[in-house]
Structures are given as structure tokens and as C-alpha cells.
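>>> what follows is a predicted structure for the sequence shown.
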Amino acid sequence: MRADMYFSVDVEADGPIPGPYSMLSFGAAVAGTRGEAFARAEPTAATFYRELKPISDEFVPAALEVSGLDRAALQREGTEPVVAMREFSKWVTATAGEFRPVFVAYPASFDWMFVYWYLIRFTGASVFGHSGCLDVKTAYAIRAGVPLGRATKRAMPRHLMSTRRHTHHALDDAVEQADLFANLMTWDGSA
């Protein structure tokens, strides 16, 4: 069985679900690997980022405001989704090498939904398979022994949090999230 390589992924979208709404940007950073033990990676060493052309005319203004991205500019200059997803798949495969790629996010349910849908829709396959994702929020709840509702970043011990800012730029947030994930993976459970 192959050891895992964890790819921290963050998505900025203009609505709650893919299809009617668009993934406008996404970023990924390698958080670490795990064979017998977890090995932390420097998350800025291996990264991927793309801004995409919207796939529909629908959007939720409040969702668009979060990212600060300009939909009109993305219509003109954004990467075609089919190109971006092919490039991403190639990057993940080349970066993972002999490792099994695993998608990680906080919460994975939102980011995974967009990336998986885009991979299937625009490339016909997911480089992570159909279930190769790990939810950082759930991992924290299990490690901390708390209900999922208490697995919030505000409730986590400060030493688990990244020192990097959460900017709502997909690559910045993927790198920040990679720190959180690596801290969680090496945490002994103490406060």
C-alpha cells in the first residue's frame, strides 16, 4: 500500500454548489506525507493556483464578495476550466510521485464538492479517486474528542492554528490550511 501525500486545497466560488455556480479560483499546497509517521512539508514549496472562467451567468453577490474576484475580468482572462483541471491533475500526479494523493480541506465538504465536480466534468476523472479526501474539521473533532459542532477554529488550541493570515485568496488559504493540518497531524492532543 502506498503512503499518502496530503494536498491542502482551498476554493473560492460564486455560489453554494457547482454547476449552477462557478469555482472562480482554487489553490493547493502540499501539507505533508504519511507512511509509518507523518512528515510535515513546507507548504509554500509545492503549490498550484488558477483563476477560472465562470461556467454560468448565475452567482450569489455575497459569495462573490468573499473572494474579491472580478467575474467580468475572469470571463475575459480566466483559465478555461478544462485546461485548469487538466493542469491540476498533471501537477498532483507529478508532485505525488509514488505517494497516493489525498485532498484535505477545512471543511472538505465545500471545497471537495467543487474540485471533484470540476475534475469529473472537465477531465472525466478525479486524481484523488472518488473518496480520497480528508476533512480537517472532522479530524480535529476525533483527535480532540469533541462533538463536530465544537470543532471550530475558534475552539481549537492556538498552537494548532497557522501564523499565516486567512485572506480569502485560495492559494494563501490553502497554505494556511496546510499548516493547520500539519499541526493537527503532529498534535499529541494536549491543550
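Sure thing, it's come through.
>>> mind checking how far residue 92 is from residue 119?
Residue 92 sits 10 Å away from residue 119, going by C-beta to C-beta, to the nearest Å. Just so you know, the C-beta spots here come from the backbone N, C-alpha and C atoms, and that holds for glycine as well.
>>> between the two, which contacts overlap?
Shared contacts of residue 92 and residue 119, defined by C-beta atoms under 8 Å, 6 or more residues apart in numbering, are found at 127-128.
>>> ranges for the helices of this protein?
Applying DSSP state H to the chain gives helices spanning 61-67, 71-77, 81-96, 108-123, 136-144, 170-185.
>>> quick check, residue 10 in contact with residue 174.
Yes - under the criterion of C-beta atoms under 8 Å, residue 10 is in contact with residue 174, at a separation of 4.2 Å.
>>> can you tell me which of the helices of the chain is most buried?
With neighbours taken as mean count of other C-beta atoms under 10 Å, the helices of the chain reach their highest mean count in helix 170-185, at a mean of 23.
>>> any idea how far that helix is from the chain center?
9 Å (C-alpha atoms, centre = their mean, to the nearest Å).
>>> okay, the angle between it and helix 108-123?
130 degrees (axes from the mean of the first three to the mean of the last three C-alpha atoms, to 10 degrees).
>>> what average pLDDT does helix 170-185 get?
In this model, helix 170-185 carries a mean pLDDT of 97.
>>> go on, stretch 138-155?
Mean pLDDT, stretch 138-155: 94.
>>> now what about that stretch, what contacts it?
With contact meaning C-beta under 8 Å, 6+ apart, stretch 138-155 is reached by 106, 108, 137, 156, 160-161, 180-181, 184, 187, 189.
>>> any chance of the helices of the chain in CSV, with distance to residue 24 too?
Shown next, in CSV, are those (distance: least, C-beta to C-beta, whole Å):
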stretch, distance to residue 24
helix 61-67, 6
helix 71-77, 6
helix 81-96, 11
helix 108-123, 10
helix 136-144, 22
helix 170-185, 9
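>>> please identify which of those is closest to residue 48.
Checking the helices of the chain against residue 48 by C-beta to C-beta gives helix 81-96 as the closest, at 4.9 Å.
>>> so which residues make contact with that closest one?
For helix 81-96, contacts defined as C-beta under 8 Å, 6+ apart pick out 5, 7, 23, 26, 28, 30, 46, 48, 50, 52-53, 55, 79, 101, 118-119, 121-123, 125, 127-128.
>>> residue 30: what's it in contact with?
Neighbouring residues of residue 30 by C-beta under 8 Å, 6+ apart: 5-8, 41, 43, 45-47, 95, 178.
>>> and the contacts of stretch 138-155, which two are furthest apart?
Spatial extent of the contacts of stretch 138-155 (C-beta to C-beta) is set by the pair 108 and 189 at 21.4 Å.
>>> list the buried ones in the lengthiest strand in the chain?
Using DSSP state E, we find that the single longest strand of the chain is strand 23-34. Within strand 23-34, the residues scored as buried using 16 or more other C-beta atoms under 10 Å are 23-33.
>>> may I have it as CSV, with CA atoms only?
Output of strand 23-34 as CSV, limited to C-alpha atoms (Å, rounded to 0.1, in the frame of the first residue of the first chain):
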residue,chain,number,x,y,z
MET,A,23,-15.5,27.8,-9.0
LEU,A,24,-13.6,31.1,-9.6
SER,A,25,-10.3,30.2,-8.2
PHE,A,26,-8.6,27.4,-6.3
GLY,A,27,-5.2,26.8,-4.7
ALA,A,28,-3.3,23.8,-3.5
ALA,A,29,-0.3,23.2,-1.3
VAL,A,30,1.4,20.1,-0.1
ALA,A,31,0.9,19.7,3.7
GLY,A,32,3.0,16.6,4.2
THR,A,33,3.2,12.8,3.7
ARG,A,34,2.4,9.8,5.8
